[in-house]
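> next one to model:
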Amino acid sequence: MHPQVAGDSTVTAALVRESCKNSDVRSTVIAAPDERADKQTLPDTQTPILTAPLTFLLQICCFGYATSFGVYEDYYTRVYLSNVSSSTISWIGSINAFIMVSMGVFVGRLYDRGYFYQLIYGGALLLSFSLFMLSLAKPGQYYQILLSQGIGVGIGGGLIYLPSISIVSQYFQQNRAIAMTIVAAGSSVGSVVHPVMLNNTLDRLGFATAARANAGLVTGLLLIACPMMRLRFKPSIGGDAWADTWRAARKFSKDPAYIFGTFGVGTFIICYYFPEFYIQLDSQTHGLGSSFSFYALVILNGCSVLGRLSAGLIAQRFGVTWTVALFSFICVACTFGFIGLSSVTSVVVIGVIFGYFAGAYVALLGPFFAALADDVSEIGARLGIAFFFAGVGSLIGGPISGALLTSQNVWWKPAVFSGVVGLFGSGCYLVSAVLQSRSQTAQRKTAGSETKRSAEEKI
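Next up, the predicted model:
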């Protein structure tokens, strides 16, 4: 995620320039002529330098919090919800991730229609309220935590996540992919900050105080970022967003590269969330000590920051679709490595390698699906639909892994399950990359032939 996760109209700089050359940004593929986005530039009230750090802060609050659920999984299993199985507990994090990611199918179209401020402020209010309500949940009361943390936080974060990522593309052109990967690193920073804060307060101060302190941190960041966010382009508001989404889905269903990419993200996300949810609990049950186990997730997410920051540069060199396929295969290999996890060294090695490549993978998801778009006006819809399927994968992955784990902590079963499913997703990414490469080659040949024909006609 992270399905980290990200509805942005971005792609690597080279791919963006190429797509803009070959398409009209006012395409009517999704919207009718009277519904086209008015790209009239508003007064420059905010510089790109300011936009990036504000979005960075919002990512700490949204996906940074969601990918820190491994801390709660461990604490709930051992202390606060000890009367509930780990599989049932994981539904809290899975539902949170599902809602936050899958809402993109609706939020993306609302953002394209100009409801940016309504989404940002409404999401911030609900997110803050839900986090404070979480602090009021009583021990053993599963439904209270599910409603506040699973559903409330998920909806609030989902309303903020995609619009905050998308707005960055309005302020960056040549270095858009690099800017997006830097912004996406905010969720990795959040997934380090939240676990460190929670692991040092839950046992020492108690659940209620720790949850309120965490809610206060998130609320403070939202109060800084939301009032300063500004749109640069003024889209038109009108038309039927839901009908547009349905028309877009029918068009995209005829694109093989997009279909395989969507299957890839929907299945690989199961592999992605297994280490995120269970690495801390795994370390605890293997007797590696609380002092180290508390930082197992921090090690993984800390390396994820480095992966996100370097992902754009790597993708510009080798191509975004091929890079995503390669990184996903490496993550799958690390997931299988959980079978042999039994020492501090093994946790550190797997955490470092998986964290880096998983972070890079998440940072490139937006550019990956943007690279498959025929026109930049399609990107929001393509990302929203793809991330809906990713949400389904994130919903079922954690609970299935928890059920396979059982109360006897049989770790090889969920590791094998997650690895096999992730391997299928990586294969889908590879097929998508091959199809996209062939499509681009055919387009270049067609464009060359048309150019040659035009030159001959002029002569």
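> pull the CA atoms of stretch 417-427 into PDB?
Presented in PDB, the C-alpha positions along stretch 417-427 are these (Å, rounded to 0.1, in the frame of the first residue of the first chain):
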ATOM      1  CA  PHE A 417      -0.400 -18.900   0.800                       C
ATOM      2  CA  SER A 418       0.700 -15.200   0.500                       C
ATOM      3  CA  GLY A 419       3.700 -16.100  -1.600                       C
ATOM      4  CA  VAL A 420       1.800 -18.200  -4.100                       C
ATOM      5  CA  VAL A 421      -0.900 -15.600  -4.500                       C
ATOM      6  CA  GLY A 422       1.700 -12.800  -4.800                       C
ATOM      7  CA  LEU A 423       3.500 -14.900  -7.400                       C
ATOM      8  CA  PHE A 424       0.400 -15.000  -9.500                       C
ATOM      9  CA  GLY A 425       0.000 -11.200  -9.200                       C
ATOM     10  CA  SER A 426       3.700 -10.700 -10.200                       C
ATOM     11  CA  GLY A 427       3.100 -12.800 -13.300                       C
END
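> and the contacts of it?
Counting by Cβ atoms under 8 Å, 6 or more residues apart in numbering, stretch 417-427 makes contact with 263-272, 274, 325, 328-329, 331-332, 335-336, 338, 397, 400-401, 404, all of which sit outside it. Where C-beta positions appear, they are placed from N, C-alpha and C, glycine not excepted.
> give the rounded mean pLDDT of that stretch.
Mean per-residue pLDDT for stretch 417-427: 94.
> show the contacting residues for residue 398.
90-91, 93-94, 97, 273-274, 277 are the contacts of residue 398 under Cβ under 8 Å, 6+ apart.
> so which helix or strand takes in it?
Following DSSP states H and E, one finds residue 398 within helix 379-405.
> buried ones in that helix?
379-395, 397-405 (16 or more other Cβ atoms under 10 Å).
> tell me the most packed of the contacts of residue 398, by neighbour count.
Neighbour tally across the contacts of residue 398 (other Cβ atoms under 10 Å): the maximum, 35 neighbours, falls on residue 97.
> so what secondary structure elements neighbour the helix or strand where that one lies?
Using DSSP H and E, the element containing residue 97 is helix 86-102. Secondary-structure packing of helix 86-102 (3 or more Cβ pairs under 8 Å, 6 or more residues apart in numbering; DSSP states H and E): helix 63-66, helix 69-75, helix 142-145, helix 153-166, helix 256-285, helix 379-405.
> residue 355 and residue 304, how far apart?
4 Å (Cβ to Cβ, to the nearest Å).
> cool, residue 356 as well?
For residue 356, the distance to residue 304 - Cβ to Cβ - is 7 Å.
> more neighbours, these two?
The neighbour count for residue 356 versus residue 304, taken as other Cβ under 10 Å, is higher for residue 304 (34 against 24).
> number of nearby residues for the residue lying closest to the more buried one once chain neighbours are set aside?
Closest residue in space to residue 304, ignoring its immediate chain neighbours: residue 359 at 3.1 Å, by Cβ to Cβ, 6 or more residues apart in numbering. Residue 359 has 33 neighbouring residues, counting by other Cβ under 10 Å.
> got phi/psi on residue 359?
Dihedral angles of residue 359 (phi, psi; degrees, to the nearest 10) stand at phi -60, psi -40.
> quick check, pLDDT for it.
With respect to pLDDT, residue 359 scores 86.
> does it really touch residue 312, like I thought?
No: using Cβ atoms under 8 Å, residue 359 is not in contact with residue 312, being 11.9 Å away.
> contacting residues around residue 191?
Contacts of residue 191 by Cβ under 8 Å, 6+ apart are 2, 63-64, 67-68, 297, 301, 304.
> from residue 305, how far off is it?
9 Å.
> returning to what we had before: pLDDT of the helix holding residue 398, averaged?
83.
> just the angle between that helix and helix 256-285, please?
Angle of helix 379-405 versus helix 256-285, following axes from the mean of the first three to the mean of the last three Cα atoms, to 10 degrees, is 40 degrees.
> from the chain's centre, how far out does the next helix or strand after helix 379-405 sit?
As assigned by DSSP H and E, the chain's next helix or strand after helix 379-405 is helix 412-458. In terms of Cα atoms, centre = their mean, to the nearest Å, the centre of helix 412-458 is found 22 Å from the chain centre.
> now stretch 218-227
How far stretch 218-227 lies from its chain's middle: 20 Å, per Cα atoms, centre = their mean.
> and it, what's buried?
In terms of neighbour count (16+ other Cβ under 10 Å), stretch 218-227 has its buried residues at 218-219, 221-222, 225-226.
> quick one: low-confidence ranges for the stretch 101-250 of the chain?
For the stretch 101-250 of the chain, the stretches flagged by pLDDT under 70 are 172-178, 180-181, 233-245.
> mind listing the strands for it?
For the stretch 101-250 of the chain, the strands defined by DSSP state E, counting those that start in this stretch cover 233-234.
> still on that earlier bit, now do the contacts for the residue nearest to residue 304.
So residue 359 contacts 2, 185, 188, 301, 303-308, 311 (Cβ under 8 Å, 6+ apart).
> which of those sits closest to residue 411?
Closest to residue 411 out of those is residue 301 (20.3 Å), distances taken as Cβ to Cβ.
> next, residue 373: phi, psi?
Main-chain dihedrals, residue 373, degrees, to the nearest 10: phi -80, psi 140.
> that one and residue 382 touch, don't they?
Yes: counting by Cβ under 8 Å, residue 373 touches residue 382, with 5.4 Å between them.
> quick one: common contacting residues for those two?
By Cβ under 8 Å, 6+ apart, no residue touches both residue 373 and residue 382.
> ok, residue 271 to residue 364 distance?
Counting by Cβ to Cβ, the gap from residue 271 to residue 364 is 16 Å.
> now residue 391
Distance from residue 391 to residue 364, counting by Cβ to Cβ: 18 Å.
> for residue 104, same thing?
Residue 104 sits 16 Å away from residue 364, going by Cβ to Cβ.
> and for residue 272?
13 Å.
> and residue 355, by the same measure?
15 Å.
> quick one: which of these two has more around it?
Neighbours were counted for residue 355 and for residue 364 using other Cβ under 10 Å; residue 364 has more, 31 against 28.
> quick check, pLDDT for residue 44.
Listed pLDDT for residue 44 reads 39.
> now do the helices in the stretch 201-350 of the chain.
Using DSSP state H, counting those that start in this stretch, the helices found in the stretch 201-350 of the chain span residues 202-205, 207-225, 241-252, 256-285, 290-293, 296-318, 320-336, 344-363.
> nearest to residue 120, out of the ones you listed?
Ranking these by proximity to residue 120 (Cβ to Cβ) places helix 207-225 first, at 8.8 Å.
> other residues contacting the closest one?
So helix 207-225 is contacted by 54-55, 57-58, 60-61, 65, 75, 79-80, 124, 127-128, 131-132, 134-137, 139, 193-194, 197-198, 201-202, 205 (Cβ under 8 Å, 6+ apart).
> which of those residues count as buried?
Among the contacts of helix 207-225, those buried by neighbour count (16+ other Cβ under 10 Å) are 54-55, 57-58, 60-61, 65, 75, 80, 124, 127-128, 131-132, 134-135, 137, 193-194, 197-198, 201-202.
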